[in-house]
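*Asks:* The sequence isn't on hand, but the structure is:
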DNA sequence: ATAGATTGGTATAACGTTATATCAACTGTC
DNA sequence: GACAGTTGATATAACGTTATACCAATCTAT
């Protein structure tokens, strides 16, 4: 029963040393054309595939990247991940994606696994809680790390975030320009920093224009939650005519709720989303939203990590990418306009 | 500048040998309570995390699983992956998910990466083309492998599939029972084996009941494609009153198309999906579909792989999981019934 | 013809672990 | 107080690579 082929297997088949085979495979060193061909033939013949683990260990070149995020299934995150994978795979890295579910215990376990196996680099969305203690761990291992979406405590990491405040400023201004006076901020879990920034942007614009402060209504960032909570929100605050949403998923849920109750998004209620996931453009009606281009965001994230890997000495950098208003059909002037 | 901590670092800090540290960490061998505590303190102090790579290489115990699939972004696949990850992570494995995009070149490249780095096991949906040649590669490495959804050429792999034919039999029978006579099979790429099986099931029921054979209308398995193709299908075949869809995504697209043109799914056109992704229940109207419980399917897949890893000697097994009809609101009797 | 450079390859040690063998220091037994 | 048995630790080799040093053979220039 033959074992899996190693350099030894190939070397014996080609009648050369393992060092020679290694050089042929990596294209380094000085090898005659003749032996090169002979070795490559042997590689094919025995179905040899290099052991990345051993190679990484010896050479110190790690090609495995870990991505730890709070919710894989969320479509926004999925699109980001897709961008990350595309870019890193093209650069020859292997990406392992793990889901912390925003649970500190799971986060710690996954992080230890990644640090132990994916020493090439780390892309990390810190969980809502218990992230401070694990930062020490990452720092001690000197794994190139880029955090994103949520800020860690330590400033030693590169970070890619979103211009949350400015984004909701634009969104709210757009609704106010349309004539809306009673605006709600809809969705998101209570203490998430990015959400608080978004609420801030919304509140600021309303204050500047002398309009009443937003009704703030938290709920999970899912379509189902948006669908279920919209009715309650409108019942509690019947004067609200427009929604700034914390994410496209709750916005899409709100759209569904309107559809089910026979109301028209865009006239009965204006809805503006956040993220611009693919489904936003396909909804009924197509969703006006603050686009952060999640796929492109993912690619940018990947680029940032690759640069960090190449230049470990550079001081940590932090960027915030802007969101742009994409006008579709879920917003319009309020139906009944009272002085 | 301190390097990342290794067994050496811990050993020096605790004043013992590396062998001792290793034994303490793995809980093997005979170690006094006193040294055990001393070592654990040192581990904490230097923030040591074991190198999974080196450990795996020496012990031959691989804890990294590769998952290669034709499209990660597809929600059905995403739910399957979620089930796989949950189960395998609980068993202490690290899962790397790669996307072949149904492209033979990408598939081969990814497969070599996985074989080289994720020697613990492989979960694989063979790409539409070019899969035969890479099977040799996998076989030669003796990596425990389970294929799913699509059958490979070799019968040497474990396989988990779906009872496609029986599923569309049920779906079609349901529509026929409601009184539909002109039924279309909607969606899916042309030569995919599973789709052909599904069409077969549909065709068989119609033949048994003396009804005309289904209109078969291929299109990509996406919401956008479903949305765009429905109009063309109905224009070309105006007598069609019901759709058996190749997946929930095209079905959801069809629902959107109806919504946009002011028609009622369930009365103007009956639509039955396939998969039962989470959005199916949230659609307008909620989608009747053949449920294969994607999350559970993923867990089952993971279990199958774990069993294969534990018992490498067992002969390869193949299972087909059944789909069950979930009645929601997108199906009803046809509007105009002609003899 | 001979020193020096070039070409084509090999031997060897190391990466961070763990399995195996080994060993010194105690125990208890008769 | 000599013997086996137990306890608690260590030295060493190996996993599959690759970086380094090295060497023999051939070539170039004087």
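*Replies:* Looks like it came in fine. Keep in mind that what you see is a predicted model, and the values were worked out from it rather than measured.
*Asks:* what's the burial count for the closest residue to chain B within the stretch 101-250 of chain A?
*Replies:* Of the stretch 101-250 of chain A, the residue with the smallest distance to chain B, taken as CB to the nearest CB, is residue A:140 at 3.3 Å. Using the backbone N, CA and C atoms, a C-beta is placed for each residue, glycine as well. Residue crowding around residue A:140 was assessed by other CB atoms under 10 Å in any protein chain shown; the count is 17.
*Asks:* Could you report the separation of it from DNA strand C?
*Replies:* Residue A:140 sits at a distance of 12 Å from DNA strand C (criterion: CB to the nearest atom of the strand, to the nearest Å).
*Asks:* ok, now residue A:153?
*Replies:* According to CB to the nearest atom of the strand, residue A:153 stands 26 Å off from DNA strand C.
*Asks:* From residue B:275, how far out is that residue?
*Replies:* With distances defined as CB to CB, to the nearest Å, the gap from residue A:153 to residue B:275 amounts to 42 Å.
*Asks:* Between those two, point out the one with more neighbours.
*Replies:* residue B:275 (29 against 12).
*Asks:* So the more buried one is in contact with residue B:294, correct?
*Replies:* Yes - under the criterion of CB atoms under 8 Å, residue B:275 lies in contact with residue B:294, with a separation of 6.3 Å.
*Asks:* rewinding a little: residues contacting the residue of the stretch 101-250 of chain A closest to chain B?
*Replies:* Neighbouring residues of residue A:140 by CB atoms under 8 Å, 6 or more residues apart in numbering or on different chains: B:4, B:5, B:46, B:47.
*Asks:* before we move on, back to that, now do the shared contacts for residue B:275 and residue B:294.
*Replies:* A shared contact of residue B:275 and residue B:294, defined by CB under 8 Å, 6+ apart, is any residue touching both; here these are residue B:76.
*Asks:* tell me which parts of the stretch 201-339 of chain A are close to DNA strand C?
*Replies:* Residues of the stretch 201-339 of chain A found near DNA strand C (CB under 7 Å from any atom of the strand): none.
*Asks:* can you map out the strands along the stretch 201-339 of chain A?
*Replies:* Ranges of strands in the stretch 201-339 of chain A, per DSSP state E, counting those that start in this stretch, are A:215-217, A:242-245, A:270-275, A:288-291, A:318-321, A:324-326.
*Asks:* Which one of those lies nearest to residue A:89?
*Replies:* When the strands of the stretch 201-339 of chain A are compared by CB to CB, strand A:318-321 sits nearest residue A:89, at 22.0 Å.
*Asks:* What residues sit buried inside the closest one?
*Replies:* By neighbour count on 16 or more other CB atoms under 10 Å in any protein chain shown, the buried set for strand A:318-321 is residue A:321.
*Asks:* Run me through the strand neighbours of it, direction for each.
*Replies:* For strand A:318-321, the pairing partners within the sheet under DSSP bridges are strand A:158-162 (parallel).
*Asks:* Give me the contacts around the partner strand.
*Replies:* In contact with strand A:158-162 (CB under 8 Å, 6+ apart) are residues A:145-149, A:151-152, A:194, A:292, A:297, A:300-301, A:304-305, A:308, A:316-321, A:323.
*Asks:* Which residues does whatever helix or strand comes next after that strand contact?
*Replies:* Heading C-terminal from strand A:158-162, the first helix or strand you meet, by DSSP states H and E, is helix A:164-177. Where contact means CB under 8 Å, 6+ apart, the residues beyond helix A:164-177 that reach it are A:183, A:185, A:194-195, A:197-202, A:204-206, A:209, A:211, A:214, A:242, A:244, A:270, A:272, A:274, A:288, A:290, A:292, A:322-325, A:327, A:331.
*Asks:* check whether the worst-scoring helix or strand of chain A on mean pLDDT contacts chain B.
*Replies:* None of the helices or strands of chain A scores lower by mean pLDDT, DSSP states H and E than strand A:94-99, at a mean of 87. Yes - using CB under 8 Å from any CB of the partner chain, strand A:94-99 reaches chain B at A:94, A:95, A:96, A:97, A:98, A:99.
*Asks:* quick revisit: give me the buried subset of the contacts of strand A:158-162.
*Replies:* Buried members of those, scored by 16+ other CB under 10 Å, are A:145-149, A:151-152, A:194, A:292, A:297, A:300-301, A:304-305, A:308, A:321, A:323.
*Asks:* three-state assignment of residue A:139?
*Replies:* Under the three-state scheme (DSSP: H, G, I helix; E, B strand; the rest coil), residue A:139 adopts helix.
*Asks:* how deep is it tucked in, by neighbour count?
*Replies:* When counting by other CB under 10 Å, one arrives at 14 neighbours for residue A:139.
*Asks:* circling back: hmm, which two among the residues of strand A:94-99 next to chain B are most spread apart?
*Replies:* For the residues of strand A:94-99 next to chain B, with distances taken as CB to CB, the pair at the greatest spread is A:94 and A:99 (17.7 Å).
*Asks:* Reduced to three states, what does the residue of the stretch 101-250 of chain A found nearest DNA strand D come out as?
*Replies:* When you check the stretch 101-250 of chain A against DNA strand D by CB to the nearest atom of the strand, the closest residue turns out to be residue A:119, at 14.0 Å. In terms of secondary structure, residue A:119 is coil; the call rests on three-state DSSP.
*Asks:* Please report phi then psi for it.
*Replies:* phi -80, psi 0 (degrees, to the nearest 10).
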